[in-house]
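Novice: whatever this is, show me its structure:
(4 chains)
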There are 2 protein chains.
Amino acid sequence: MTEQEQDLRARLVAAGVELVAEGGVQALGLREIARRAGVSHGAPRRYFPTHRELLAAIAQQGFGRLTDTLAGADALTATTGADARTRLDALARAYLGFAAANPGMFELMFRHDLLEGSGAELRRTTLPLFLTFVGLVSEVHPRSDDPAAATAALWSNLHGLAQLRTWGSLRLITGDDSIEPLLRATLDAHLGPAAR
Amino acid sequence: MTEQEQDLRARLVAAGVELVAEGGVQALGLREIARRAGVSHGAPRRYFPTHRELLAAIAQQGFGRLTDTLAGADALTATTGADARTRLDALARAYLGFAAANPGMFELMFRHDLLEGSGAELRRTTLPLFLTFVGLVSEVHPRSDDPAAATAALWSNLHGLAQLRTWGSLRLITGDDSIEPLLRATLDAHLGPAAR
DNA sequence: GAACGCGAGTAGACACTGTCTACGACCACC
DNA sequence: GGTGGTCGTAGACAGTGTCTACTCGCGTTC
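Specialist: The predicted structure is shown next:
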């Protein structure tokens, strides 16, 4: 089954994934996606009544890939018998790595103005991922009375790092563009110094 | 000097500030801004060669207001003789308060795809603000060897909280839409528990 | 005082966008 | 051999950002 033969819906989403990787969110015009998929500009309407729903489907693909990336990174460290602190370290790096490797997709995924309406469904996708985060944070902070809040705070920190790095302000502040000291400061603050 | 009499450049920026508060970034069409300012769609070109430069000017206005808001909040607590930890607490709340009160403007300010080209100038605006942050963090962590990194990490955390709150995911996680526990967790993590 | 020049804003054209609607080709089924 | 129904095409429509004449009013200059 070649790429030409799969149904148009999947081809449109695949074209969007390509385009956002090449040219960012701006490249995700409805007609441009249709062109890339090799159909006329009216064809997507059969599967996505509106442009935003097509963008939401592309973003959902992005959330799937992020989930896979994080799950893969965690599986790698978990099999080595690493403790929760080390696993969270690897997860944090994987999160920032995904954002750095797919800046356009990462931006699309959190552009609530473009995804309005489908936001609830997308948010639900992230829930199981978040719960594994909570479990690991609970292991690091066994006496915490609100591990969900601690996890959300940590996630917000990682997310802010990812966004401000692509915005360029972190480079201005720290001088170089290495995020390593900031990541270390973040993890130390939320999880305590690494025991090494 | 009434609003009609100031020069068009300022009127266009003012119209943009109004529009982004009412309808978000999507409402900032070039023609719509011109309509609001009471001129034809070709008039802005005299002052802003391109749409993006007009958006950058509006965003710069936003950075000015954010700086004023934070400076005002800090001045308020500083005069009461509060310590650095308390001042940072107030600054953090002011930052999140600004983002919540001006969601459209806040989004515009960090939309690097729209502000590309003028980004460097905008980033420079935030620098003095950041330096006062660094000073306060240095007071809280007198033995830190890299207060700039610690400050950038804290700022990233606040920024992530602001963005994820408007995205709606924090509400999904914590149940209600109060970020108070998350803010407390953030401040405790980066600055140590509040001494009260 | 009249002519000139120039800055400021207008109006229209252009290519492009997302949405909507009518139409045609194709295929399974009775 | 018709007959629906699905799927994609093609064109119209209003709207966008950009570009290019053009007009109008005001100050300067001869």
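
Novice: name the residues of chain A found near DNA strand D, please.
Specialist: Applying CB under 7 Å from any atom of the strand, we find that chain A lies next to DNA strand D at A:7-8, A:34, A:39-43, A:45-47. All C-beta atoms are positioned from the backbone trio N, CA, C, and that covers glycine.

Novice: what's the farthest-apart pair in those residues?
Specialist: Spatially, the most separated pair among the residues of chain A next to DNA strand D is A:7 and A:41, at 18.2 Å (CB to CB).

Novice: more neighbours: these two, which one.
Specialist: Ranked by neighbour count (other CB atoms under 10 Å in any protein chain shown), residue A:7 and residue A:41 place residue A:41 first, with 13 against 8.

Novice: tally of neighbours for the closest residue to that one other than its chain neighbours?
Specialist: Distance criterion CB to CB, 6 or more residues apart in numbering or on different chains; nearest residue to residue A:41, sequence neighbours excluded, is residue A:31 at 4.3 Å. For residue A:31, the tally of surrounding residues (other CB under 10 Å) stands at 12.

Novice: what does the one helix or strand residue A:31 maps to contact?
Specialist: If you go by DSSP states H and E, residue A:31 is part of helix A:30-37. Helix A:30-37 has contacts (CB atoms under 8 Å, 6 or more residues apart in numbering or on different chains) with A:8, A:11-12, A:14-16, A:18-19, A:40-44, A:51, A:54.

Novice: apply 6 Å and report the result again.
Specialist: Helix A:30-37 is contacted by residues A:11-12, A:15-16, A:41, A:43-44, A:51 when judged by CB atoms under 6 Å, 6 or more residues apart in numbering or on different chains.

Novice: which SSE is immediately downstream of that helix?
Specialist: Remark: after helix A:30-37, the chain's next helix or strand is helix A:51-78, criterion DSSP H and E.

Novice: quick check, that following helix touching chain B?
Specialist: No - legend: contact between helix A:51-78 and chain B by CB under 6 Å from any CB of the partner chain is lacking; minimum distance shown is 11.3 Å.

Novice: now that helix, how far from the centre of its chain.
Specialist: Distance of helix A:51-78 from its chain centroid, counting by CA atoms, centre = their mean, to the nearest Å, is 6 Å.

Novice: the bottom helix or strand of chain A by mean pLDDT?
Specialist: Least confident element among the helices and strands of chain A, by mean pLDDT, DSSP states H and E: helix A:169-174 (a mean of 74).

Novice: report the buried residues of that helix.
Specialist: A:169-170, A:172-174 (16 or more other CB atoms under 10 Å in any protein chain shown).

Novice: one step back: closest to DNA strand C among the residues of chain A next to DNA strand D?
Specialist: Checking those against DNA strand C by CB to the nearest atom of the strand gives residue A:42 as the nearest, at 4.0 Å.

Novice: for that closest one, which non-adjacent residue is closest in space?
Specialist: Using CB to CB, 6+ apart and skipping residues adjacent in sequence, the residue nearest residue A:42 is residue A:34, 7.9 Å away.

Novice: against residue B:158, how distant is the residue of chain A found nearest chain B?
Specialist: Here the residue of chain A nearest chain B is residue A:160; by CB to the nearest CB that distance is 2.9 Å. Separation of residue A:160 from residue B:158 (CB to CB, to the nearest Å): 7 Å.

Novice: looking at these two, which is more packed in?
Specialist: Taking other CB under 10 Å, residue A:160 and residue B:158 do not tie; residue A:160 has more neighbours (26 against 23).

Novice: so the more buried one touches residue B:156, yeah?
Specialist: Yes - with contacts counted by CB atoms under 6 Å, residue A:160 reaches residue B:156, the gap being 3.5 Å.

Novice: which residues of chain A score low on pLDDT?
Specialist: Confidence mapping of chain A against pLDDT under 70 gives the ranges A:1-6, A:177, A:195-196.

Novice: up against chain B, what does it have?
Specialist: Residues of chain A lying near chain B (CB under 6 Å from any CB): A:110, A:112, A:119, A:123, A:149-150, A:152-153, A:156-157, A:159-161, A:164, A:167-170, A:172-173, A:181-182, A:185-186, A:189-190.

Novice: and the residues you listed, which are buried?
Specialist: Listed as buried from those are A:110, A:112, A:119, A:123, A:149-150, A:152-153, A:156-157, A:159-161, A:164, A:167, A:169-170, A:172-173, A:181-182, A:185-186, A:189-190; burial here means 16+ other CB under 10 Å.

Novice: on that earlier part again, quick one: the very next helix or strand once past the least confident helix or strand of chain A to helix B:180-191, angle?
Specialist: Later in the chain than helix A:169-174, the nearest helix or strand by DSSP H and E is helix A:180-191. Counting by axes from the mean of the first three to the mean of the last three CA atoms, to 10 degrees, helix A:180-191 lies at 120 degrees to helix B:180-191.

Novice: may I have helix A:180-191 exported as PDB, CA atoms only?
Specialist: C-alpha atoms of helix A:180-191 as PDB (Å, rounded to 0.1, in the frame of the first residue of the first chain):
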ATOM      1  CA  GLU A 180      21.400  22.600  30.300                       C
ATOM      2  CA  PRO A 181      21.900  24.900  33.400                       C
ATOM      3  CA  LEU A 182      18.300  26.000  33.300                       C
ATOM      4  CA  LEU A 183      17.100  22.400  33.100                       C
ATOM      5  CA  ARG A 184      19.300  21.500  35.900                       C
ATOM      6  CA  ALA A 185      18.100  24.400  38.000                       C
ATOM      7  CA  THR A 186      14.500  23.400  37.200                       C
ATOM      8  CA  LEU A 187      14.900  19.800  38.200                       C
ATOM      9  CA  ASP A 188      16.900  20.600  41.300                       C
ATOM     10  CA  ALA A 189      14.200  23.100  42.400                       C
ATOM     11  CA  HIS A 190      11.300  20.800  41.900                       C
ATOM     12  CA  LEU A 191      12.800  17.400  42.700                       C
END
